[in-house]
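Peer 1: Dropping a prediction and its sequence here:
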Amino acid sequence: MLDSTARQAVVDDELEELIEGLTQDEKMISPKYFYDEVGSQLFDEITRLPEYYPTQTELGIMRDNIAEIAELVGPQASLIEFGSGSSMKTHVLLRGLTDLAVYVPVDISEEHLVASAEALHQDYPDLDIIPLVADFTKPFDLPTPRVMPLKNIVYFPGSTIGNFTSDDALELLKVMHTEAGEGGALLIGVDLQKDAEILERAYNDSAGVTAAFNRNMLRHLNREFDTDFDVEAFSHDARYNTDAGRIELRLVASDEQTVKVGDTEITIEEGEGILTEYSHKYTLRGFSAMAADAGFRVEHVWTDKDELFSVQYLVRD
Ligand code: AVJ
């Protein structure tokens, strides 16, 4: 745990980063601020919405193909999940893989990590689980398990890769390449390009859950950084940018707003949007080109019958 001085330093850095994002030509706030307790609950609700196809589709792909996935992974692998690993998809793997040597969930939030690792230990008492607190966008040291693994399998589900710009996504793939090590592989969920209509429906659900999720970010900031965003003065906007192949989430001010962020006053014009998230969608060809730049070769791709979503097994070249 961080002591109070260290925690203050983190908050100061984050405040600086927040101000930087809000003083650019195109104002932006990092999507990491979606996930306070309420935001995590809202995201959970999103994954159960009929319009939000990614979660259920990916889970279906995992269930339908777990035998083939287990065959490729082989016995005595180390499964290294980027993210804290509380999802149903993780359970499909932990149940379906043969004789795992160790499971290493990696997350920046110690709280999430400890809670989910404890729950997993109840379900898999014989599995060696070694939670690791780390920022997985930068290389980190792997722990030493009880049993020496035959290979490392990095797992990155949820199309979280879509949150990253292409430069950052490439950097992250390179980190995964390093962590996979010699003979290792990456199992990754990647959302696919499709009709704008299906995509926009998934991020503009009729129950308004995604809108609440987007706006909740401001409530989170008000609490954590003592800012004074008028949450009700911002509306949810999600549209598909066809050229860039990504959904863009914004919070749009209904009238001029002045907000105090630390010692900085920020003016947001009427109708101006603050970018809160990119969710990139890939073509199979585009993703494999990026993977190749990071040193990976796509060994296998599984999709659903409508080719909405893909799960891909990448090996080191
Ligand atoms: C968790 C980043 C994969 O991009 O679809 C869902 C987040 N944002 N609805 C996505 C999200 C709005 C989600 N990821």
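Peer 2: Yes, it's here.

Peer 1: how many neighbours does the nearest residue to A212 once chain neighbours are set aside have?
Peer 2: Once flanking residues are discounted, A212 sits nearest to L42: 5.7 Å by CB to CB, 6 or more residues apart in numbering. (Each C-beta comes from the backbone N, C-alpha and C, glycine too.) Using other CB atoms under 10 Å, L42 is surrounded by 20 other residues.

Peer 1: Next up, phi/psi of L42, please.
Peer 2: Here is the backbone geometry of L42 (degrees, to the nearest 10): phi -60, psi -40.

Peer 1: isn't it right up against V209?
Peer 2: Yes: taking CB atoms under 8 Å as the definition, L42 is a contact partner of V209 at 6.1 Å.

Peer 1: in stretch 249-260, what's buried?
Peer 2: By neighbour count with 16 or more other CB atoms under 10 Å, stretch 249-260 contains the buried residues L249, R250, L251, A253, Q257, V259.

Peer 1: again but with stretch 20-28, I slipped
Peer 2: Buried residues in stretch 20-28, counted by 16+ other CB under 10 Å: G21, L22, K27, M28.

Peer 1: Next: stretch 170-178.
Peer 2: L172, L173, V175, M176, H177.

Peer 1: quick check, nearest of those residues to the ligand?
Peer 2: L172 (13.2 Å; CB to the nearest ligand atom).

Peer 1: residue ranges of the helices in the stretch 151-300 of the chain, please?
Peer 2: Assigned by DSSP state H, counting those that start in this stretch, the helices in the stretch 151-300 of the chain fall at 166-180, 196-202, 209-225, 284-293.

Peer 1: TSV please, covering the ones you listed and showing distance to the ligand and mean pLDDT.
Peer 2: Listed next are the helices of the stretch 151-300 of the chain as TSV, based on distance: least, CB to the nearest ligand atom, whole Å; pLDDT from 0 to 100:
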stretch	distance to the ligand	mean pLDDT
helix 166-180	12	97
helix 196-202	7	98
helix 209-225	5	97
helix 284-293	15	98
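
Peer 1: Please identify the most buried of those.
Peer 2: Scoring the helices of the stretch 151-300 of the chain by mean neighbour count under mean count of other CB atoms under 10 Å gives helix 209-225 as the most buried, with a mean of 20.

Peer 1: thinking V231 is in contact with M217, fair?
Peer 2: No: under the criterion of CB under 8 Å, V231 makes no contact with M217, lying 9.1 Å away.

Peer 1: partner residues bridging R316?
Peer 2: For R316, the beta-bridge partners under DSSP bridges are F296.

Peer 1: got a list of what it touches?
Peer 2: H177, A180, G181, E182, G183, G184, A185, G295, F296, R297 (CB atoms under 8 Å, 6 or more residues apart in numbering).

Peer 1: ok, now how distant is it from the ligand?
Peer 2: According to CB to the nearest ligand atom, to the nearest Å, R316 and the ligand sit 25 Å apart.

Peer 1: cool, Q76 as well?
Peer 2: Noted for Q76: a distance of 30 Å to the ligand, by CB to the nearest ligand atom.

Peer 1: Point out the residues in the stretch 201-317 of the chain that sit beside the ligand.
Peer 2: Within the stretch 201-317 of the chain, the positions near the ligand by CB under 6 Å from any ligand atom are Y203, T210, E277, S279.

Peer 1: E256 against I266, yeah?
Peer 2: No: applying CB under 8 Å as the test, E256 and I266 come out as separate, 11.3 Å apart.

Peer 1: show me where the protein has strands.
Peer 2: Taking DSSP state E as the criterion, the chain carries its strands at 77-82, 102-107, 132-133, 151-156, 185-191, 234-241, 246-253, 257-261, 264-268, 273-280, 296-303, 309-316.

Peer 1: about what we covered before: quick one, which of the helices of the stretch 151-300 of the chain gets closest to V147.
Peer 2: helix 166-180 (18.3 Å; CB to CB).

Peer 1: could I have the closest one exported to CSV, CA atoms only?
Peer 2: Coordinates of each C-alpha in helix 166-180 appear next as CSV, following Å, rounded to 0.1, in the frame of the first residue of the first chain:
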residue,chain,number,x,y,z
SER,A,166,-2.8,2.9,-32.7
ASP,A,167,0.6,4.1,-31.3
ASP,A,168,-0.2,3.1,-27.8
ALA,A,169,-1.8,-0.2,-28.9
LEU,A,170,1.4,-1.1,-30.7
GLU,A,171,3.4,-0.3,-27.6
LEU,A,172,1.1,-2.4,-25.5
LEU,A,173,1.4,-5.4,-27.9
LYS,A,174,5.2,-5.0,-27.6
VAL,A,175,5.0,-5.2,-23.8
MET,A,176,2.8,-8.4,-24.2
HIS,A,177,5.4,-9.8,-26.7
THR,A,178,8.1,-9.3,-24.0
GLU,A,179,5.9,-10.8,-21.2
ALA,A,180,5.0,-13.8,-23.4
